[in-house]
Every structure is written in C-alpha cells, then in structure tokens.
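In: What follows is a predicted protein model with its sequence.
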Amino acid sequence: MEMNERITRAEADIESLKVNVVKNTEKIEQIDEKVDTRMATKEDLKELQGFFEGREDKYTNNMWKVIFGLLIVIGGIILTIFGVNVDQLPLF
C-alpha cells in the first residue's frame, strides 16, 4: 500500500512540475516579446565614443577658460589691494 501511495504522489508531483514548466515557458515567451532585442553595433559604439570625446574636449576647453578668467580676476583683486595702477605695470 505504501508503495502505491508513493507512486501516486510522485506522479502528481511530476504532473504539477509539467504544468509549472508550461507556465514558465509561456511567461518567458511573453517577456521575450516585450524585450527589445536590438544590440549595439560597432558603428554605434564608435559614434558614442566620438560623442563623449567631443563633449570632453568642450568641457576641458571651457574649464581652461574659467581657470584663466579666475586667475585674471584674482590678479586684479591683488593689484587693487596693493594699490598698483594698470599704468604702472610694465607691459611687453
């Protein structure tokens, strides 16, 4: 009797596993339909790299402008503090 119960239980488990596999397969198919399967190509990556390099060059160029501008402002403030007129500066 025990053997028959075990076999019955095992068969029921196998059937429930089959049903679960079918449900999971259907869910995977639904997810695959929703997912965009496009992949980046080498051209896309080169274009993206060019974009970031251009942005970095602009950023670096603008940062140097800001640095030189601040140096000029700080230099002007120091000259004003010490009472030096622009006419007194030796220009090249």
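Out: Received the coordinates, thanks. Numbering: from 1, shown residues only.

In: Enumerate the residue intervals of the protein where per-residue confidence is below the cut-off.
Out: Along the chain, segments meeting pLDDT under 70 span 1, 36-37, 86, 88-89, 91-92.

In: ranges for the helices of it?
Out: For the chain, the helices defined by DSSP state H cover 2-34, 42-81.

In: Any idea which of those gets closest to P90?
Out: In terms of CB to CB, the element of those nearest to P90 is helix 42-81, at 13.0 Å. C-beta coordinates here come from the backbone N, C-alpha and C atoms, glycine included.

In: before we move on, the earlier item: pipe the helices of the chain into a markdown table and attach mean neighbour count and distance to P90 per row.
Out: Listed next are those as a markdown table, based on neighbours: other CB atoms under 10 Å; distance: least, CB to CB, whole Å:
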| stretch | mean neighbour count | distance to P90 |
| --- | --- | --- |
| helix 2-34 | 9 | 73 |
| helix 42-81 | 10 | 13 |
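
In: any chance of those in a markdown table, with distance to D87 too?
Out: Shown next, in a markdown table, are the helices of the chain (distance: least, CB to CB, whole Å):
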| stretch | distance to D87 |
| --- | --- |
| helix 2-34 | 74 |
| helix 42-81 | 12 |
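
In: okay, now the domains of the chain?
Out: 1-34, 42-86 (automatic domain parsing).
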